[in-house]
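Participant: sequence first, then the predicted structure, then my questions.
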Amino acid sequence: MTIINNSKTDPNKILPFQYPWAREYYKSGVANNWTPEEVSMQKDVEQWKSQTALSDTERRLILWNLGFFSTAESLTANNIVLSVYNHVTNPEARQYLLRQAFEEAIHTDTFIYCCDSLGLDPEDIYNMYKTIPSIDEKDSFVVELTKSVFDPSFSTEGPENIRRFVRDLIGFYVIMEGIFFYAGFAMILALRRQNKMVGIGEQFEYIMRDESLHLAFGCDLINTIKAENPEIWDKEFKDEVVDLIRQAVVLEQRYAHDACPQGLLGINAEKFSQYVEYVADRRLERLNLPKVYNTENPFPWMSQATDLSKEKNFFETRVTEYQTGASLDWD
């Protein structure tokens, strides 16, 4: 039995587990359950309405990130439900995919909650993927990368089709969730460190924890498919993956300069760009590919901000420890 192309899979027979790691991701996701309404937005509303609490640069940064994430989360959810779940035939992996889809719905609800609380025009926020070129470029890059697997006639039979499916998984798990989200995370959490928009910052911390699990599961899924179909992971495909990640880094760096053109206290677009390179190298290593940038992490506080001292579990091995959302302590 394999994790894809297993026509004998009985959707009602999840036991015995063939991939216990997939079951662990499901349990970890459930343990981290949360909803946006648990987080108070009172201080955020006061700062947003104030004439002096936030600079124009900070307001731009907040709006750009709400605009990007509001559509990116929907794109990711659609991919899980319409593509990945359809082609991953293993029951315990599918169980986690259902959990991930639920979490993407929570994330989407988070941005509705933020927009409603701040009194933002949803037409402005939810259409930024059309009106802001650097957001449109990121979304279009992933959509173009993955559109072939949405063809109703697509199947994962044969090496080339398996390769196309793995390309889709890399597009959403590694590039969208693993690279395109991270400059935005750093921007919002940098504001939170300055005691600004702390409600949005806390919700982003919860989202980042969820995304860490999504990314880790996606990489384990990709590496399992590679191990079970070693013929797809040839030098040509490896080189293609590295090139795609290079392109993704350029797009995320362009977005970082667009969202934060003037810089803020202790942070600027150049540091965000360095952080994207650092993150990209981590993603390459997780796929057993060599690092490209060898850039040091310019934001070591990111580990403290989201308790990623456990990131070895997330990105390099297995998830072994997690907490329920209600009991998390944020520094």
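Facilitator: Everything's here; your move.
Participant: so where's this structure shaky on pLDDT?
Facilitator: Under the criterion pLDDT under 70, the flagged ranges of the chain are 7-12, 265, 304-331.
Participant: which helix runs longest in it?
Facilitator: Across the chain, the longest stretch assigned as helix under DSSP state H is helix 198-228.
Participant: packing partners for that one?
Facilitator: helix 20-31, helix 42-49, helix 91-118, helix 159-169, helix 182-193, helix 269-286, helix 311-315 (3 or more CB pairs under 8 Å, 6 or more residues apart in numbering; DSSP states H and E). Glycine gets a C-beta too; all of them are placed from N, C-alpha and C.
Participant: nearest residue to residue 246 in space, ignoring adjacent ones along the chain?
Facilitator: Spatially, and ignoring its direct neighbours in sequence, residue 246 is nearest to residue 292 (6.6 Å; CB to CB, 6 or more residues apart in numbering).
Participant: residue 108 now?
Facilitator: residue 73 (4.9 Å).
Participant: also residue 103?
Facilitator: residue 210 (4.9 Å).
Participant: now do the contacts for the one you found.
Facilitator: Each residue near residue 210 by CB atoms under 8 Å, 6 or more residues apart in numbering is listed here: 29, 32, 103, 106-107.
Participant: of these - the most surrounded one?
Facilitator: residue 103 (25 neighbours; other CB atoms under 10 Å).
Participant: surely that one meets residue 212?
Facilitator: No: counting by CB atoms under 8 Å, residue 103 does not reach residue 212; the two are 11.4 Å apart.
Participant: and the host helix or strand of residue 66, which residues are buried?
Facilitator: With elements taken from DSSP states H and E, the one containing residue 66 is helix 56-79. For helix 56-79, the neighbour count (16 or more other CB atoms under 10 Å) marks 58, 60-77, 79 as buried.
Participant: do the same with stretch 193-207
Facilitator: Using 16+ other CB under 10 Å as the test for burial, stretch 193-207 gives 193, 196-207.
Participant: can I get that stretch as PDB, trimmed to CA atoms?
Facilitator: Extracted in PDB, the C-alpha atoms of stretch 193-207 (Å, rounded to 0.1, in the frame of the first residue of the first chain):
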ATOM      1  CA  ARG A 193       6.800  43.400  19.900                       C
ATOM      2  CA  GLN A 194       6.200  47.200  20.000                       C
ATOM      3  CA  ASN A 195       2.800  46.600  21.700                       C
ATOM      4  CA  LYS A 196       1.000  47.600  18.600                       C
ATOM      5  CA  MET A 197      -2.100  45.700  17.200                       C
ATOM      6  CA  VAL A 198      -1.500  43.000  19.800                       C
ATOM      7  CA  GLY A 199      -4.800  41.300  19.000                       C
ATOM      8  CA  ILE A 200      -3.900  40.800  15.400                       C
ATOM      9  CA  GLY A 201      -0.400  39.800  16.500                       C
ATOM     10  CA  GLU A 202      -1.700  37.100  18.800                       C
ATOM     11  CA  GLN A 203      -4.000  35.700  16.100                       C
ATOM     12  CA  PHE A 204      -1.000  35.600  13.700                       C
ATOM     13  CA  GLU A 205       0.900  33.700  16.300                       C
ATOM     14  CA  TYR A 206      -1.800  31.000  16.400                       C
ATOM     15  CA  ILE A 207      -1.900  31.000  12.600                       C
END
